[in-house]
Structures are given as structure tokens and as C-alpha cells.
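Asks: The sequence isn't on hand, but the structure is:
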């Protein structure tokens, strides 16, 4: 039974991570700019956030989810501002022909930035609750073993998507010259900023 729940979590984690949004753009850009490890840490930040929201939904931690939903406006506002900042910084980023060595601190920053972007969208709790119902997982809530199997599946499914994306991007990395990388930075920065503007619009309109 728990094995079936694990596989459902795996599919759920992969499916929710697959749509390419601002975090996907960030992972692609960091993989191209800094290498596979930087992209992987960025993806893992998002995967951990997915697993956290799955845990909140699965264990029915009401006071935490209620707090996040109550602070939805401010969390989303901060997240939108962060996206605008990342878009601006990415657009004007300079590419170095020799990939610079990525420090431990930078990798932690890669992880934290994507984790924060995911956490700043508490509506994901409602998404997980809705998907749980559609997947027939309502009986998971409150059950430690079943919930743990589901959360592990969500984390591994999400991680699998990011690993797949990073591997595909890495295949094309060596074929991109400095000029191409400059345009990728500008395109990625523009797209990320558009996501930020879109997030702001949903708050005020």
C-alpha cells in the first residue's frame, strides 16, 4: 500500500516540477553559466520546498498552513520583488569564458534562493490538497507511514525532473559561445522579471 502511495508521490512531484517557470529558468541559466552542480543545488532547493508543502498537506499541520495562507499577500509580494531583482541581475550578468569555480557558499545561495521562491507561494498547499484528493490520497493525511512514503516520493519525483532538465541543458552547454550566453542571460532575465511583474499583478488586480 505504502509502495503505491510512494509511486503516486513520485508522479506528483515530477508533474508539479515539470512546468518551466521562473525556477526552471534560473536552473537552466545557472547550469549554463556555472555548471551542473550549481543547477543541481538550485533544483534541490525547489524539491525540498515541494516536499515541505507536501508534508504540511499530508500531516495536516493546520496552524502552519493557516499562517502561510494568512500571510499570502506579503509572502507573494516579497517573492515578486525577489524575482524582479533576480531578473535585473540576470539580464546584466556578464559571462566569463572560463567557468569560475563555484564555492560552497554560492551553492548554498543557489539552494536557498530557489527554496525561498517556492516557499513564497503558499498557494501550493492548496494545490497539494487538491491533487491529493484527485489522486485518491485523502486517507494519507495524519498517517505517519503513508505520509512519509508520499513525501519521499514527491521529493524524489521533483528531484528527478530537475536532474533530467540539468542533464539535457548540460549536453548543449559546450555548444554555446560567449555571445550566445549573453543573449541567454538577457532572455532569462527578461522572462524572470515578467514572472515577477505577473506575480505583482495578481496581488493588485
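Replies: Received it, and whenever you're ready, just let me know what you need. Everything numeric here is computed off the predicted structure, so don't read it as measured data.
Asks: May I ask which helix or strand encompasses residue 151?
Replies: Using DSSP states H and E, residue 151 sits in helix 144-173.
Asks: relative orientation of whatever helix or strand comes next after that helix and helix 144-173 in degrees?
Replies: Downstream of helix 144-173, the first helix or strand assigned by DSSP H and E is helix 178-204. The directions of helix 178-204 and helix 144-173 differ by 140 degrees, with axes from the mean of the first three to the mean of the last three Cα atoms, to 10 degrees as the criterion.
Asks: ok, and the helix or strand in this structure with the lowest average confidence?
Replies: Across the helices and strands of the chain, mean pLDDT, DSSP states H and E gives its lowest value to helix 62-70, namely a mean of 60.
Asks: Just checking, which helix or strand succeeds that one along the chain?
Replies: Where DSSP H and E defines the elements, the next helix or strand beyond helix 62-70 is helix 72-91.
Asks: list the helices and strands the helix or strand just after that next one packs on?
Replies: Once helix 72-91 ends, the next helix or strand along the chain (criterion: DSSP H and E) is helix 104-119. Other elements packing on helix 104-119 under the criterion 3 or more Cβ pairs under 8 Å, 6 or more residues apart in numbering; DSSP states H and E are helix 22-34, helix 36-59, helix 72-91. In this view, the C-beta of every residue, glycine as well, is placed from N, C-alpha and C.
Asks: Could you say which one of those helices comes nearest to residue 180?
Replies: Among the helices and strands packed on helix 104-119, the nearest to residue 180 by Cβ to Cβ is helix 22-34 (9.2 Å).
Asks: could you dump the helices and strands packed on helix 104-119 to JSON lines with distance to residue 4?
Replies: Conversion of those to JSON lines gives the following (distance: least, Cβ to Cβ, whole Å):
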{"stretch": "helix 22-34", "distance to residue 4": "29"}
{"stretch": "helix 36-59", "distance to residue 4": "15"}
{"stretch": "helix 72-91", "distance to residue 4": "33"}
